[in-house]
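> Requesting a structural model of the entry that follows:
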Amino acid sequence: MNKIKFFRVDAFTDHLFSGNPAAVCMLEDWIGDEIMQSVAAENNLAETAFIVPEGKNFGIRWFTPSVEVDLCGHATLATAYVLFNCLGFKESEIILNSPKSGQLKISMQNDTLFLDFPTDTLKKCNEYEQISNCIGYMPDEVYKGRTDYIAVVDSEDKILNLLPDLIEISKLNARGLIVTAKGYDVDFVSRFFAPQSGIDEDPVTGSAHTSLIPLWSEKLGKTTMNATQLSKRRGKLICINKGNRSLIGGKARLYMEGEISIG
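The predicted model follows:
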């Protein structure tokens, strides 16, 4: 019987039962796409990361319960936590090779993990009416990044009280929709919805912050910012604008480890 080492980690949080849960599956070699997709569907988490050793580095791919995605921040953070804290990785920096997002680096400073991701490029859009149908009111600004739409609104309260129309969001030609505002106690806040990717609302979305970091860095005139994703589980992120790279920092906690039997 084939077995896969399995870990479940709460990412972007300093305590269990908050942040964003991710599964991490350690493989010796790549297995079939259909099997990885089936495992991700069985896990029924926002993302499952699959990892394969590649010399001193690792290959990584991410699957939601329904599709493979180009990039996932919280599952990458969870992967780094597993490698550093569960599997005894001794180097100061982990290098992950993604077939869709290139080389990704993760370092640890004290107990905070920092993702080094490519910064997104945003374009202003005119789809105000379409985004208004998604969130119930007219946004102040609309942008489109590599994978997501971004709606900027004028208060944190609107983010907290938002009742999204998931059917309308699923019609967007994008991975999902980020809704964001300036924060009261942090620099900025957000929520992320991606029903077209099998995730009605993602608890904490590291990859979305590759879009939010350049946006809010320009608006606030800051390169280092604190952010909160205002889902029910909440998540805390440290965001650093390094030009064409974004550093996204957060903590993580192990919830479960075991084995998956696939044959």
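
> Am I right that residue 15 sits in a helix?
No. Secondary structure assignment (DSSP: H, G, I helix; E, B strand; the rest coil) places residue 15 in coil, not in a helix.

> Do I have it right that it meets residue 252?
No. In this structure, residue 15 is not within contact of residue 252 by C-beta atoms under 8 Å, at 10.5 Å. Quick note: C-beta positions are derived from backbone N, CA and C, even for glycine.

> Look at those two and report which has more neighbours.
The residue with more neighbours, out of residue 15 and residue 252, is residue 252; 26 against 9, by other C-beta atoms under 10 Å.

> So what pairs up with that one in the strands?
residue 11 (DSSP bridges).

> That one contacts residue 13, correct?
Yes. Look at residue 252 against residue 13 with C-beta under 8 Å: they come within range, at 7.1 Å.

> and for these two, which residues touch both?
Shared contacts of residue 252 and residue 13 (C-beta atoms under 8 Å, 6 or more residues apart in numbering): residue 19.

> Let me see the contact set for residue 48.
By C-beta under 8 Å, 6+ apart, the neighbours of residue 48 are 22-25, 36, 39-40, 62-63, 75.

> what's the answer for residue 182, then?
Residue 182 neighbours (C-beta under 8 Å, 6+ apart): 155-156, 188-189, 216, 219-220.

> Residue 120 now?
So residue 120 contacts 145-146, 210-211, 214, 246 (C-beta under 8 Å, 6+ apart).

> Those into CSV, with extra columns for secondary structure, distance to residue 173 and pLDDT?
Below are the contacts of residue 120 laid out as CSV (DSSP: H, G, I helix; E, B strand; the rest coil; distance: C-beta to C-beta, whole Å; pLDDT from 0 to 100):
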residue, secondary structure, distance to residue 173, pLDDT
145, coil, 13, 97
146, coil, 13, 95
210, helix, 19, 96
211, helix, 16, 98
214, helix, 22, 98
246, strand, 24, 96
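
> between the residues you listed, which is closest to residue 236?
Taking C-beta to C-beta as the measure, residue 246 is the one of those closest to residue 236, at 16.1 Å.

> Counting neighbours, what do you get for that closest one?
25.

> Residue numbering should commence at 42 henceforth.
That works, and once the first residue is 42, the last one we named lands at residue 287.

> so where's this structure shaky on pLDDT?
Low-confidence segments of the chain (pLDDT under 70): 42.

> Let me see the ranges of the strands in the stretch 142-291 of the chain.
143-150, 153-159, 164-165, 182-185, 189-193, 217-223, 229-235, 240-243, 265-270, 276-282, 286-291 (DSSP state E, counting those that start in this stretch).

> Give me the angle between the fifth one and strand 217-223.
In this case it means strand 189-193. 30 degrees (axes from the mean of the first three to the mean of the last three C-alpha atoms, to 10 degrees).

> just the second one next, same as before
With the same axes, to 10 degrees as the basis, strand 153-159 and strand 217-223 are set at 120 degrees to each other.

> mind exporting strand 153-159 as PDB, just the C-alpha atoms?
Output in PDB follows, covering the C-alpha atoms of strand 153-159 (Å, rounded to 0.1, in the frame of the first residue of the first chain):
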ATOM      1  CA  THR A 153       8.200  34.100  12.000                       C
ATOM      2  CA  LEU A 154       8.400  32.600   8.500                       C
ATOM      3  CA  PHE A 155       8.900  35.000   5.500                       C
ATOM      4  CA  LEU A 156       7.800  34.100   2.000                       C
ATOM      5  CA  ASP A 157       9.700  35.700  -0.800                       C
ATOM      6  CA  PHE A 158       7.300  35.900  -3.700                       C
ATOM      7  CA  PRO A 159       7.200  37.900  -7.000                       C
END
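
> partners of that strand, with directions?
strand 143-150 (antiparallel), strand 286-291 (antiparallel).

> Need these in a markdown table (columns: distance to residue 203).
Converted to a markdown table, these look like this (distance: least, C-beta to C-beta, whole Å):
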| stretch | distance to residue 203 |
| --- | --- |
| strand 143-150 | 30 |
| strand 286-291 | 23 |
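
> Mean neighbour count, those: which tops it?
Comparing these by mean neighbour count (mean count of other C-beta atoms under 10 Å), strand 286-291 comes out on top with a mean of 22.
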